[in-house]
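Undergrad: Next come a sequence and a model predicted from it.
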Amino acid sequence: MRLGIRPSVFLLRLLVVFFLTYLLWAPCAPAYTQLLALLTKWFLHLTEISRDPNWHQATQMWVQGTTIYYKHRLVASGSGIPAEWVQANLVLLIPLMLATPAQTYKQRFGRFALAMAIALILQVLDIAVTVKSFYASQIGGYSDLARRLYQFGDAFAQSMDTQLFPFAIWAGIHLKQLLGGVEPQPASAAPPAARKKQKAAKAG
């Protein structure tokens, strides 16, 4: 694995960034939770377009404390999802993305933004599948196949999201580096020998 730096340096940088992320994520988490709940509600409403008023955009979703609550119009009481469970993968993904070397800061933060966007999409899908799984077990109108698929998706998300998804996103974005490929160097980073040849050519 060729990351451009020694493995020991990468590990030390990863641990430092992980510690800082762990400390700084707490004040950022409430705002992120509100965004996550809002986007998930919009996504669920897209799946709940129906002529039946009982099923048309029937999901209510709100945040209270550190929990994302949801409720269907046909269900008397709602249920909740701990926001910490959904967001836990970011505490690992952020250090992985920021600690991995890149040619420029623009490339590093571009990759970081891409990773965060992918993580946000996966988190929205995770919550949506969890909500649908709850509906399928509590409300009629779902086929047996749909019920099984939602239950499988819910179980998969809960068991794999925190451990697998951060590494999968990080590895997918840095696949060339992980496979040992050499990224093109910027023109300003030409080797000293090449710069000497360029100067000699100009002098001649």
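TA: In hand now; what should we look at?

Undergrad: Low-confidence stretches in the protein?
TA: Residue ranges of the chain with pLDDT under 70: 1-5, 161-162, 181-204.

Undergrad: Next, name the residue at the spatial heart of it.
TA: The structure's the chain has its C-alpha centroid closest to Ala119; by Cα atoms, centre = their mean the separation is 1.3 Å.

Undergrad: where's that one, which helix or strand?
TA: Using DSSP states H and E, Ala119 sits in helix 105-138.

Undergrad: Show me what that helix is packed against.
TA: helix 7-47, strand 67-72, strand 79-82, helix 83-99, helix 144-160, helix 164-173 (3 or more Cβ pairs under 8 Å, 6 or more residues apart in numbering; DSSP states H and E). Every residue, glycine included, has its C-beta placed from N, CA and C.

Undergrad: hang on, Pro101 is in a helix, isn't it?
TA: No: assigned with DSSP: H, G, I helix; E, B strand; the rest coil, Pro101 falls outside any helix and is coil.

Undergrad: Next, count neighbours for the residue lying closest to Ser79 once chain neighbours are set aside.
TA: In space, and not counting its chain neighbours, Ser79 is closest to Phe134: 5.7 Å by Cβ to Cβ, 6 or more residues apart in numbering. For Phe134, the count of nearby residues is 19 (other Cβ atoms under 10 Å).

Undergrad: before we move on, the earlier item: got the buried residues for the helix holding Ala119?
TA: Going by neighbour count (16 or more other Cβ atoms under 10 Å), the buried part of helix 105-138 is 108, 111-112, 115, 118-119, 122-124, 126-136.

Undergrad: what's the answer for stretch 33-48, then?
TA: Buried, per 16+ other Cβ under 10 Å, within stretch 33-48: 33, 36-37, 39-41, 43-44, 48.

Undergrad: Distance to Phe165 for these - can I get that in CSV?
TA: Conversion of the buried residues of stretch 33-48 to CSV gives the following (distance: Cβ to Cβ, whole Å):
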residue, distance to Phe165
Thr33, 18
Leu36, 15
Ala37, 19
Leu39, 17
Thr40, 16
Lys41, 22
Phe43, 18
Leu44, 21
Glu48, 26
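
Undergrad: about what we covered before: would you mind measuring from the residue lying closest to the residue nearest to the centre of the chain once chain neighbours are set aside to Ala29?
TA: In space, and not counting its chain neighbours, Ala119 is closest to Leu93: 5.8 Å by Cβ to Cβ, 6+ apart. Distance from Leu93 to Ala29, counting by Cβ to Cβ, to the nearest Å: 14 Å.
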